[in-house]
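Trainee: pasting the sequence and the predicted coordinates here, then a few questions.
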Amino acid sequence: MNTSTLAIKVSGISKSYGSVKALDNISLDVRRGEIFGLIGPDGAGKTTLFKILVTLLNADSGLAQVDGLDVQKDYKKIRSRVGYMPGKFSLYPDLTIRENMEFFASLFGVTVEQNYDLVAPIYSQIEKFSNRRAGRLSGGMKQKLALSCALIHKPSVLFLDEPTTGVDAVSRSEFWDMLFNLKEQGLSILVSTPYMDEASRCDRIALINNGHVLDIDTPQNMVDNYDAPLYGVKCDNMYEMLKKLRKVESIANCYTTGEYHHIVASKEFDVERLIQDLTDNGLKNIELKAVIPDIEDVFIKLLSNEQQ
Amino acid sequence: MSTLKVLIRKEVLQFKRNTFLPKLVVVFPVMMMLVLPWVTTMDVRHVNVSVVDNDHSTFSTRLINRIAANDYFTLQSVTTSFDLSMQQLEDGEVDAILEIPKDYEKSFVTGNLKKVNVSANSVNSIKGSLGNQYLVQTLSGAINEMRNSNAPVKNGELIAIQNRYNPTLEYRNFMIPGLLVMLLIIITGFLPALNFVGEKEAGTIEQINVTPVSRFSFTLAKLIVYWVAGLIVLTLALLVIWLVYGLTSVGSILIIYVAAFLFILVISGFGLIASNLSSTMQQAIFFMFFFVMVFMLMSGLFTPTESMPKWAEYLTYILPPRYFVSTMRAVFLKGATLYDMRYNFYALAVFAIVMNLGAALTYRKQS
């Protein structure tokens, strides 16, 4: 075991595909035993970063270490220490659950029984289908199998690239419980997700967009540091209202999110005047309230700050 | 070593579990050897003939009977005018016309032999020229017979023709060793290429690449399975050839297997290059197909390389199947020894090294 205090260290990593810059000078650290979330929309560069860290891809510039080992020089050693679950299900669909497990275990020179304790909480849920072919499993079961296979050699760092994409809400929540259990057992986990609501289950998160980091902090700190007044507003005609709101000067930003439109207010914002304005414009049943920001609001704010 | 065993086990498992591949390996060689030797024949039979009989003599009747009795011809009609027969030729009912001039038989006696007119539809040039030749042969046979019955002077029997190595001039015997080459190209060239690209398409290769398994043992494990499949296919095909056509190798069967194995190394290496250069099955199939076409038409499988234009003949030297095709034919039909074929073996060995080196190089460029 490496004694380095960092599970993953990324400093100044850049990677381009032709003229497209997928990663632009990214730096971040993942501490041992934490769940670190990479949060960002599709195309933000999450998968590229994963591929570099699990030694599938070489970065153009910058340094990256996993478990204290350089991803380019010591790629062979890294491969036996990390567990990787790609975004796309990539186990053998024509092999059964049991065969997939045994195959991947023996590639690492271990048996399923040896590390059974680690995978048991997850694997036991699908074990009764162990003779079913992986290609015929449901999305949630595929995800559990993929996680079991990524864990079977007892890795010290776990890489999960969008593990919950395409999985139902209940299974998603269960999955995060499983990750929490693994963390308790001392694993360091890097997980990416496009779902902002999952961010709060991570110890720390990095918000990334267009190949660079917007912010790195704990989800709580990010929300606490949100420094502008935020309101939610709804009425009968949400679309008309959105068009009106965008013309109001004292509103820095407004966007749709679920039931309410969120309004980021600037200093001279006056709640009473806005309601009056909207009523004058023929909108009915206006409801306006202050809301507590979540990660999505943080993300949108950081994004608009950057664009200015 | 144990990793290799695990990988091979996985490949065999996947191979067996595939709904199509195991059947292919058994059915493909058997069907190919049962059907194709009959149809890939250049022997011309059943040429439709129309005879224009202007003579109406004993000779012309005898000639017509000869044509009707011959398996190479089907006597379609006997007419009295060339135009009538020509009409039939234009309608496609008749391939060749034999016109016997008036007073032909009489001209034997006068010694001033008249000319017989043979016309053939040569759109299919092989059928046309062979049809012509057969007709001329039949005619001269009839003339000889006629002369012999009149006079004791003999000629034509002074030449003795012996067809060595393929005494009955069966085109089939020429084709069978070539078809074995085709079989191996498909089973040991196409299939592994598709298998590799399949792992790319499914993304499973990524999961493998983050394990400590080396690319080399991963590749080797796959190839071993297809090598074995190739040899099984070859054995099945040889059995069918023996049971159905009674054809066995004149030369040592061991040499055939050695040559086949070398060729398998070459063609599976080639398949690897194809899979390295393509990211989808479609690309791989097109890549392989293009080269397989060239291999089939240019390596002497159907047409002798010697009769190609000079530049094309030189080009055939860089086609590995050329060496395998000629080795197979020489060993199978002539009983050539390893020593006789040594240059072909050297060439195949060199190709095996070049192809697999190429496969290694094209792979590196990927990451």
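Mentor: Looks like it arrived, so ask away. Residues are numbered from 1 along each chain as shown, chains lettered A, B, ... in the order given.

Trainee: how many neighbours does A:L56 have?
Mentor: Counted with other CB atoms under 10 Å in any protein chain shown, residues neighbouring A:L56 total 20. All C-beta atoms are positioned from the backbone trio N, CA, C, and that covers glycine.

Trainee: can I assume it is in contact with B:N209?
Mentor: Yes: counting by CB atoms under 8 Å, A:L56 touches B:N209, with 5.7 Å between them.

Trainee: where is the longest helix in the chain?
Mentor: Going with chain A. Counting by DSSP state H, the longest helix found in chain A is helix A:169-184.

Trainee: that answer is for a different chain, and I need it for chain B
Mentor: Assigned via DSSP H, chain B shows its longest helix as helix B:215-245.

Trainee: quick one: buried residues of that one?
Mentor: B:217-219, B:221-231, B:233-234, B:236-238, B:240-241, B:245 (16 or more other CB atoms under 10 Å in any protein chain shown).

Trainee: which other helices and strands contact it?
Mentor: helix B:2-17, helix B:21-39, helix B:171-185, helix B:191-202, helix B:253-277 (3 or more CB pairs under 8 Å, 6 or more residues apart in numbering or on different chains; DSSP states H and E).

Trainee: quick check: what element follows the last one along the chain?
Mentor: When you say that, I think you mean helix B:253-277. helix B:281-298 (DSSP states H and E).

Trainee: just the residues contacting that next one, thanks.
Mentor: Helix B:281-298 has contacts (CB atoms under 8 Å, 6 or more residues apart in numbering or on different chains) with B:182, B:185-186, B:189-190, B:193-194, B:197-198, B:201, B:270-271, B:274-275, B:277-278, B:301-303, B:305, B:308, B:312, B:315-316, B:319-322.

Trainee: buried subset of those residues?
Mentor: B:182, B:185-186, B:189-190, B:193-194, B:197-198, B:201, B:270-271, B:274-275, B:277-278, B:301, B:305, B:308, B:316, B:319-322.

Trainee: re earlier: show residues contacting the longest helix of chain A.
Mentor: Contacts of helix A:169-184 (CB under 8 Å, 6+ apart): A:33-35, A:118, A:121-122, A:139-140, A:143, A:147, A:151, A:158, A:160, A:163-164, A:167, A:189, A:191, A:195, A:198, A:201, A:203.

Trainee: again, only this time at 10 Å
Mentor: Outside helix A:169-184, the residues that touch it by CB atoms under 10 Å, 6 or more residues apart in numbering or on different chains are A:33-35, A:83, A:118-119, A:121-122, A:125, A:138-141, A:143-144, A:147, A:151, A:158, A:160, A:163-168, A:187-189, A:191, A:193, A:195, A:197-198, A:200-203.

Trainee: chain B next: which of these are close?
Mentor: Applying CB under 10 Å from any CB of the partner chain to the contacts of helix A:169-184, one finds that A:G83 fall near chain B.

Trainee: buried subset of the contacts of helix A:169-184, written for PyMOL?
Mentor: Burial among the contacts of helix A:169-184 is assessed by 16+ other CB under 10 Å; the matching PyMOL selection reads:
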select buried, chain A and resi 34+35+83+118+119+122+125+140+141+143+144+147+151+158+160+163+164+165+167+187+188+189+191+193+198+200+201+202
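
Trainee: show only the entries of the contacts of helix A:169-184 found in helices.
Mentor: A:118-119, A:121-122, A:139-141, A:143-144, A:147, A:151.

Trainee: check those residues and tell me the two furthest apart.
Mentor: Among these, the pair separated by the greatest distance (CB to CB) is A:L118 and A:G139, at 23.1 Å.

Trainee: give the contact list for the residue of the stretch 201-308 of chain A at minimum distance from chain B.
Mentor: Residue of the stretch 201-308 of chain A nearest chain B, by CB to the nearest CB: A:G211 (20.9 Å). By CB under 10 Å, 6+ apart, A:G211 lies in contact with A:13-16, A:20-26, A:40, A:43-46, A:48-49.

Trainee: same check on A:T47?
Mentor: A:22, A:38, A:56-57, A:86-88, A:161-162, A:192.

Trainee: so what's the residue count around the residue in chain A that chain B sits nearest to?
Mentor: As assessed by CB to the nearest CB, chain B sits closest to A:S90 within chain A, at 3.7 Å. Residues near A:S90, counting by other CB under 10 Å, number 19.

Trainee: what's the spacing between the closest residue to it other than its chain neighbours and A:T47?
Mentor: Counting by CB to CB, 6 or more residues apart in numbering or on different chains, A:S90 lies nearest to B:G203, which is 3.7 Å off, once chain neighbours are set aside. Noted for B:G203: a distance of 12 Å to A:T47, by CB to CB, to the nearest Å.

Trainee: now the common contact residues for these two.
Mentor: With CB under 10 Å, 6+ apart as the test, B:G203 and A:T47 both reach A:86-88.

Trainee: pLDDT of stretch B:65-76, averaged?
Mentor: Regarding stretch B:65-76, the rounded mean pLDDT is 86.

Trainee: please compute how far it lies from its chain's middle.
Mentor: Remark: stretch B:65-76 is offset 28 Å from the chain centroid, using CA atoms, centre = their mean, to the nearest Å.

Trainee: list the buried residues in that stretch.
Mentor: Quick answer for stretch B:65-76 (16+ other CB under 10 Å): B:66-67, B:70, B:72-73, B:75-76.

Trainee: at which residues are the helices of chain A located?
Mentor: Going by DSSP H, chain A shows helices at A:46-53, A:75-79, A:97-107, A:116-123, A:139-151, A:169-184, A:219-224, A:238-245, A:271-280, A:295-307.
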